[in-house]
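>>> Predicted model and sequence below, questions to follow.
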Amino acid sequence: MSRARIRLATAAAAAALAIGTLPASAYAAAAPGAGVSARHHQAHPQAETIRQIPLQGAVNVRDIGGYRTWTGGKVRQGLVYRSDALSKLTDADVTTVSGLGLTKVVDFRIPMELQYDGADRLPPGLAPTSRPVSDLGLYGTLVGAIASGDPVTQEQMLGGGRAEAYMRDIYRTFVTSPENRAQFAATLREIADGSQGPILYHCTSGKDRTGWTSYVLLRALAVPEDTAERDYLASNTFRAAYDARLRAGLKQSGRMQNPDLLIPLQEVRQDYLDAATAQMEADYGSFYGYLTQGLGLDLWTLAKLQNKMVR
């Protein structure tokens, strides 16, 4: 067997361990902190800092590398980036992005988002791959609510817990929609491809469709569940100031009397993520079931993902 095949076979075993396909006895023998669930085992949390790429025209750009796995590895940096929309990048930002050496940019936005926000500004020679993931009409609803300028209409559309319920429904479709699953799966396959260089994927705010993709990727790499959750929730930190300015501007302009109605749509929340993971377990029984049945990723692909992304 060639050295490359040996490495992949080793990665296959690690992938199996990471997503719970080995028997319990093997898990107990091999997993650090035997008997502790993956969700609660943390390897050197003090060494794990989120690696933001500071830009002027985008606030939620990050390298997903650097996290430790409970199989004893560490996610490689410089290979996968997550982001909000890149349509407002400055010339200096484009230069910074050029330095990342990206070979692919995946855009999860739907056509209406592109129409209103504009196409990505990217370094010469790099064109985005459109891979729209449905937002269940949220963007259109939001545009309509703001455009109405009517506080009563806005309250009826977004108040009374309706915005939160809308978000939970969107997250469930990350699991239930075959079209959405196909877009996520295609992106994960490209990341696993050893011939593919650094990849960036994004949506508008870089928090929901992008957040789910990152959560799934990190867990597939055996990053502890609570660490993957912290990465997901960190969007609130990176977006807080920008989103607050947006709300203040809407109030000042008179378009929204109560812009705080937008907060549930602007934030990521644990219960949104929980809605998706509960749907995942209901439909597929486990995270592994979602990866293999829902996304159609076989163990060999998951092994290539481990081999490429974990050192």
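Structure's in. What do you need?
>>> quick one: the helices in the stretch 101-250 of the chain?
111-117, 138-148, 151-158, 162-176, 178-192, 209-220, 225-233, 235-252 (DSSP state H, counting those that start in this stretch).
>>> Among the ones you listed, which comes closest to residue 125?
Closest to residue 125 of these, according to Cβ to Cβ: helix 178-192, at 18.0 Å. C-beta here means a position set from N, CA and C on the backbone, and glycine is covered the same way.
>>> May I have the predicted confidence score for residue 47?
Residue 47 carries a pLDDT value of 46.
>>> Correct me if wrong: residue 49 contacts residue 65.
No. Residue 49 lies out of contact with residue 65 (Cβ atoms under 8 Å); the separation is 11.2 Å.
>>> Which one's more surrounded, those two?
Ranked by neighbour count (other Cβ atoms under 10 Å), residue 49 and residue 65 place residue 65 first, with 18 against 9.
>>> Not including adjacent chain positions, what is the nearest residue to that one?
Closest residue to residue 65 apart from its sequence neighbours, by Cβ to Cβ, 6 or more residues apart in numbering: residue 77 at 3.2 Å.
>>> tally of neighbours for the one you found?
Counted with other Cβ under 10 Å, residue 77 comes out at 15.
>>> A helix includes it, no?
No. Remark: residue 77 does not belong to a helix; assigned using DSSP: H, G, I helix; E, B strand; the rest coil, it is coil.
>>> related to what we said a few turns ago, could you point out which of the helices of the stretch 101-250 of the chain sits nearest residue 54?
helix 235-252 (10.2 Å).
>>> Show me which residues of that closest one are buried.
For helix 235-252, the neighbour count (16 or more other Cβ atoms under 10 Å) marks 235, 238-239, 243, 247, 250 as buried.
>>> Now residue 234: closest residue in space, sequence neighbours ignored.
residue 50 (5.3 Å).
>>> Ok, residue 112 next?
Using Cβ to Cβ, 6+ apart, the closest residue to residue 112 is residue 139 (5.5 Å).
>>> contacting residues around the one you found?
Residue 139 is in contact with 110, 112-113, 116, 204, counting by Cβ atoms under 8 Å, 6 or more residues apart in numbering.
>>> ok, so of these, who is nearest residue 282?
residue 110 (26.0 Å).
>>> Roughly how far does the residue nearest to residue 112 sit from residue 133?
12 Å (Cβ to Cβ, to the nearest Å).
>>> joint contacts of these two?
The contact sets of residue 139 and residue 133 overlap at residue 110 (Cβ under 8 Å, 6+ apart).
>>> And for the residue nearest to residue 79 when sequence neighbours are not counted, the neighbour number?
Taking Cβ to Cβ, 6+ apart, and ignoring the residues beside it in sequence, residue 79 has residue 198 as its nearest neighbour in space, at 5.5 Å. For residue 198, the neighbour count with other Cβ under 10 Å is 17.
>>> how about residue 198, phi and psi?
Main-chain dihedrals, residue 198, degrees, to the nearest 10: phi -60, psi 140.
>>> Enumerate every residue touching it.
Going by Cβ under 8 Å, 6+ apart, residue 198 touches 78-81, 100-104.
>>> can you list the weak-confidence ranges in the protein?
By pLDDT under 70, the weakly predicted segments of the chain are 1-47.
>>> one step back: just the buried subset of the contacts of residue 198, written out for ChimeraX, thanks.
Remark: buried members of these, expressed as a ChimeraX selection using 16+ other Cβ under 10 Å:
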select :79,80,81,100,102,104
